[in-house]
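> Any chance you can model this:
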Amino acid sequence: MVCHEHVGGRREWTDDEVEFASDVAEIVHRAVRNRERAARERDLERYETIVQSLADAVYTLDDEGRIDFVNDAYAEMKGASREELTGRPIRELVGDEVIAQTTAMYESLAQRDQDVARIEYDFRTIDGETIPAELRFTSLPGSEDGAARVGVIRDISDRKERERELERQNERLDAFASLVSHDLRSPLRVAAGNLDLASESCEDPRLADAANALDRMEVLIDDLLAVAREGKPVEDREEIRLEAVAEAAWRTVETGDATLAVEGDTRVDADESRLRQLFENLFRNAVEHGRAEKAETDGSSLSITVGPLADQTGFFIEDDGVGIRADERDRVFEGGYSTDPDGTGFGLTIVREVAEAHGWSIDAVAGESGGARFEVSGATVIRSE
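Residues are numbered from 1 along each chain as shown. This is a model prediction of the structure:
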């Protein structure tokens, strides 16, 4: 294209010049428009690629409440193709109840000057099955009454199952707490009353030991109820010698011919009563589940070792019994889980609750000799030289 500059006085454009300038302007305008359209198309393709890659289901509605876009995740979740879903009224796919929920939520958003709403509902597939889902939605720009929307749907089946499992565990813990509170305290009161009567007519020092044991059981009951019902974190801590609390716990457990060894002079910041409770349950678990089976296999007695972890971030309790199968190590801490048909399945649950109340974590791993090893991590360990 060649343009000539006019030299001389001002004059009117000829018709040919006007037509030429108009053609040039049209060409430039068309070029700019095509370039902008191409840029928008690239942006749309980019956004669609992003939306299609999402694991969550995404849809958009037009001003008449009809679906004008769904991603592959939505189509798969619904059980229909994108083509079959596009253009259908959303009311046909979700039902009147969900429509009423979303409408009420949208009106509430407008009053609170918020943009995004969230509801949980049962997502209905084409075949009539329901999936627990979470819907987050907002109005599209330019939608006056909020009919044109974009929504994101997430399958929350796993979350709901975890919530149900947690509820079941809490129910078992409540039942256990009731057992501890009523069924154990009642015979303890009877025993304490008879012990007081016996003490009036007998000065046997063993009666004092029996009274101390009953007092200790009362403390344990109180602690168990606090853990099972309240789950409050430990607030009052003191520096405690691991050896002292382990040996104190050992004396309260029926250990038979099992032996205990504590490595080093290690101290931890903990609640002494709770920590002793942790050791008692771990010792009892080792003796009940490891000793008999070990005696049957090699005829030897059970040995239990307590000591600090190599990196000084906690401590361990390890036995040389038959150990815990790899596929059971995570389950042993579940409330009510036990390989013993006569067991309550709450011993190691209490251990975990005590550890978590201190802000620690506990894991069941394989011991060096193949026995069970429990590692408590996150505890502040002080080891004397």
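> Is Asp257 in contact with Ser301, as I believe?
Yes - assessed by Cβ atoms under 8 Å, Asp257 is found in contact with Ser301 at 4.3 Å. C-beta: built from backbone N, CA, C; applies to glycine.
> ok, those two, which is more surrounded?
Ser301 (13 against 10; other Cβ atoms under 10 Å).
> Assign that one to helix, strand or coil.
Classification of Ser301 by DSSP: H, G, I helix; E, B strand; the rest coil places it in coil.
> Please report how far it lies from Glu368.
Separation of Ser301 from Glu368 (Cβ to Cβ, to the nearest Å): 18 Å.
> can you confirm Ile153 is in a helix?
No - with three-state DSSP as the criterion, Ile153 is strand rather than part of a helix.
> need the contact list for Glu368.
For Glu368, the residues meeting the contact criterion (Cβ atoms under 8 Å, 6 or more residues apart in numbering) are Glu318.
> Check the gap between it and Gly323 for me.
11 Å.
> Same check on Pro187?
Using Cβ to Cβ, one obtains 35 Å as the distance from Pro187 to Gly323.
> swap in Arg164?
Distance from Arg164 to Gly323, by Cβ to Cβ: 32 Å.
> quick one: average confidence on the longest strand anywhere in the chain?
Across the chain, the longest stretch assigned as strand under DSSP state E is strand 130-139. The pLDDT scores in strand 130-139 average 88.
> Show residues contacting it.
Strand 130-139 has contacts (Cβ under 8 Å, 6+ apart) with 77, 102, 106, 115-125, 146, 148-157, 159-160.
> Quickly run through the sheet partners of it, with directions.
Strand 130-139 sits in its sheet next to strand 117-124 (antiparallel), strand 149-155 (antiparallel), going by DSSP bridges.
> For that strand, what is the distance to the chain centroid?
21 Å (Cα atoms, centre = their mean, to the nearest Å).
> How about stretch 131-143?
Relative to its parent chain, stretch 131-143 has a centroid offset of 26 Å by Cα atoms, centre = their mean.
> residues of that stretch that come out buried?
Across stretch 131-143, burial judged by 16 or more other Cβ atoms under 10 Å covers Ile131, Pro132, Ala133, Glu134, Leu135, Phe137, Thr138, Ser139.
> Between the residues you listed, which sits nearest Ala211?
For the buried residues of stretch 131-143, the closest approach to Ala211 (Cβ to Cβ) belongs to Pro132, at 54.5 Å.
> where along the stretch 101-250 of the chain do the helices fall?
For the stretch 101-250 of the chain, the helices defined by DSSP state H, counting those that start in this stretch cover 157-178, 185-201, 205-225, 242-251.
> Report all helices and strands that the second one contacts.
Meaning helix 185-201. Packing contacts for helix 185-201, counted by 3 or more Cβ pairs under 8 Å, 6 or more residues apart in numbering; DSSP states H and E, involve helix 205-225.
> Measure how the helix it packs on sits relative to helix 157-178, angle-wise.
Interaxial angle, helix 205-225 versus helix 157-178 (axes from the mean of the first three to the mean of the last three Cα atoms, to 10 degrees): 150 degrees.
> contact partners of helix 205-225?
Defining contact as Cβ under 8 Å, 6+ apart, one finds that helix 205-225 is touched by 176-177, 180-181, 184-185, 188, 191-192, 195, 198-199, 252, 273-274, 277, 280, 350.
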